[in-house]
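In: Kindly generate the corresponding structure for this input.
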Amino acid sequence: MDNITFDDFIKTDLRVAEIKACEDIEGADKLYKLTIDVGEERTIAAGIKQYYTKEELVGKKIAVVANLEPRKLRGIMSHGMLLAASNEDHSSIVLLTVEKDIPNGSKIS
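Out: Numbering: from 1, shown residues only. Model (predicted):
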């Protein structure tokens with residue numbers, strides 16, 4: 001594991017987001033298109049389809065990297081990245097969620 005400086009770390013804008021909608025992406029067997037509320041509505045693409053159903057995701061409050069440079073995945077412009085934990089072989093992936101209710105867009109520090 002490589003170390004980063006504290007100055008590099010504080011550039012990362014971690015926020016609480018609520019998943020408002022979850023859709024399949026045509027031709028993508030691993031990706032969902034998620035509409036999230038991070039204080040503003042955004043779209044992200046997330047490779048969690050084999051671990052969560054759409055119904056499990058909608059309404060869930062998660063942690064996201066809000067200031068990640070947008071990237072096009074399977075034709076979807078993704079504006080952020082959700083945070084998840086996984087075991088070494090990625091056979092199990094768990095979203096990082098918020099323990100108590102807090103407003104969408106709240107800063108994680």
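
In: Give me the residue at the spatial middle of the protein.
Out: residue 82 (1.6 Å; Cα atoms, centre = their mean).

In: any idea of the pLDDT on that residue?
Out: For residue 82, the pLDDT comes out at 97.

In: doesn't residue 61 make contact with it?
Out: No: at 11.0 Å, residue 82 does not count as touching residue 61 under the criterion of Cβ atoms under 8 Å. Yep, even glycine has a C-beta here, placed from its N, CA and C like the rest.

In: What's the biggest strand in this structure, counting residues?
Out: strand 14-24 (DSSP state E).

In: quick one: strands adjacent to that one?
Out: strand 32-37 (antiparallel), strand 61-65 (antiparallel), strand 107-108 (antiparallel) (DSSP bridges).

In: Out of the ones you listed, which one sits most buried?
Out: Ranked by mean neighbour count, the strands paired with strand 14-24 are led by strand 32-37 with a mean of 22 (mean count of other Cβ atoms under 10 Å).

In: how far out from the middle of the chain is the very next helix or strand once past that one?
Out: With elements assigned by DSSP states H and E, the helix or strand that comes after strand 32-37 is strand 41-46. Averaging C-alpha positions (Cα atoms, centre = their mean, to the nearest Å) puts strand 41-46 8 Å from its chain's average.

In: Is residue 78 bridged to anything, and to what?
Out: The partner residues for residue 78, given DSSP bridges, come to residue 71.

In: quick one, what contacts it?
Out: 43, 44, 45, 70, 71, 72 (Cβ atoms under 8 Å, 6 or more residues apart in numbering).

In: just the buried members of these?
Out: 43, 44, 45 (16 or more other Cβ atoms under 10 Å).
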